[in-house]
Each structure stands twice: as C-alpha cells, then as structure tokens.
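J.: After the sequence you'll find the predicted model.
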Amino acid sequence: QVQLVESGGGLVQAGGSLKLSCGASGILFSAYNVAWYRQAPGKQRDLVAGIIRGGSPIYADSVEGRFTISRNNAAQTVYLQMNNLQREDTAVYYCQADRPETRAHYWGQGTQVTVSS
C-alpha cells in the first residue's frame with residue numbers, strides 16, 4: 001500500500017518559518033518526481049515547488065526565494081522549507097509523487113499551514 005504522509009504544518013506569524021516533511025512508503029521513492037502543491041479555501045490546487053528525478057528544483061513565482069524544496073531518497077522523504085511566510089501562503093499543503101513511465105500518481109492527505117498577521 002502506497003502512503004504519502006505530510007507533517008510540519010501549523011500556525012505561524014507573518015515573517016516566520018515552517019518546514020514541511022512528506023514521508024513515502026510502498027514506492028521506490030527515488031524513481032518518482034516529487035512536488036508540493038497547496039490549496040487555499042475556494043481556490044484551485046496549485047504547484048508550489050517540485051523536483052524531477054535528478055533535476056533542479058522548480059518554484060512558483062510567488063514562493064521563489066522564500067521556499068526551498070529538497071529530497072532525501074534514502075529517507076524516502078521530501079521537504080519544503082518555508083521562510084518569510086505571508087498571509088497569502090495560508091493553505092492546505094499536499095505532497096505529490098509521480099512516475100510518468102508507469103502513470104503512477106499519488107497524493108498525501110495534506111497539512112494545514114496558517115499564517116497570521
């Protein structure tokens with residue numbers, strides 16, 4: 001059974017930091033592209049940051065320079081370091097893993113990030 005489990009969300013003041021983690025089980029993590037998405041109330045789910053296998057990270061313009069995505073294949077975990085958080089970063093954050101050649105695609109259950117002013 002494949003599972004992606006996020007942790008690290010919470011309530012933080014504007015300007016603060018949080019680090020999200022997403023641990024994977026049931027898959028060969030190193031074979032997957034991984035990414036973080038977020039969804040605010042009433043809005044669509046949008047890409048925040050991603051890492052293609054062996055490639056460089058990509059970021060949404062809104063988080064470039066503030067957020068850093070990283071992965072530890074041995075630990076089967078992807079991280080999202082979020083600095084200088086702003087109210088507009090408030091959302092449920094989801095991790096995602098996909099492997100295009102098999103069309104395998106998995107989501108975590110999400111973790112809430114709330115930024116107060």
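T.: Sure, I can see it.

J.: can you count the residues close to the closest residue to residue 100 other than its chain neighbours?
T.: Leaving out its chain neighbours, the residue that sits closest to residue 100 by Cβ to Cβ, 6 or more residues apart in numbering is residue 33, at 7.4 Å. From N, CA and C alone the C-beta is placed, and that goes for glycine too. Residue 33: 17 surrounding residues under other Cβ atoms under 10 Å.

J.: What residues sit buried inside stretch 64-81?
T.: Of the residues in stretch 64-81, 67, 69, 71, 76-80 count as buried by neighbour count, 16 or more other Cβ atoms under 10 Å.

J.: Just the ones of the residues you listed in strands?
T.: Cross-referencing the buried residues of stretch 64-81 against strands under DSSP state E gives 67, 69, 71, 77-80.

J.: Next, format those as TSV and append distance to residue 58 and pLDDT.
T.: What follows is these, written out as TSV (distance: Cβ to Cβ, whole Å; pLDDT from 0 to 100):
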residue	distance to residue 58	pLDDT
67	11	98
69	8	97
71	13	95
77	19	97
78	13	97
79	15	98
80	13	98
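
J.: So what's the residue count around residue 38?
T.: 23.

J.: Does it touch residue 96 like I think?
T.: No - between residue 38 and residue 96 there is no contact under Cβ atoms under 8 Å: 11.1 Å.

J.: picking up where we left off before, in terms of distance to residue 28, which of the buried residues of stretch 64-81 ranks first?
T.: residue 76 (8.8 Å; Cβ to Cβ).

J.: and the nearest residue to the closest one once chain neighbours are set aside, how many neighbours?
T.: Nearest residue to residue 76, sequence neighbours excluded (Cβ to Cβ, 6+ apart): residue 29, at 4.0 Å. Applying other Cβ under 10 Å, we find 21 residues neighbouring residue 29.

J.: The residue nearest to residue 100 against residue 54, yeah?
T.: No - between residue 33 and residue 54 there is no contact under Cβ under 8 Å: 9.9 Å.
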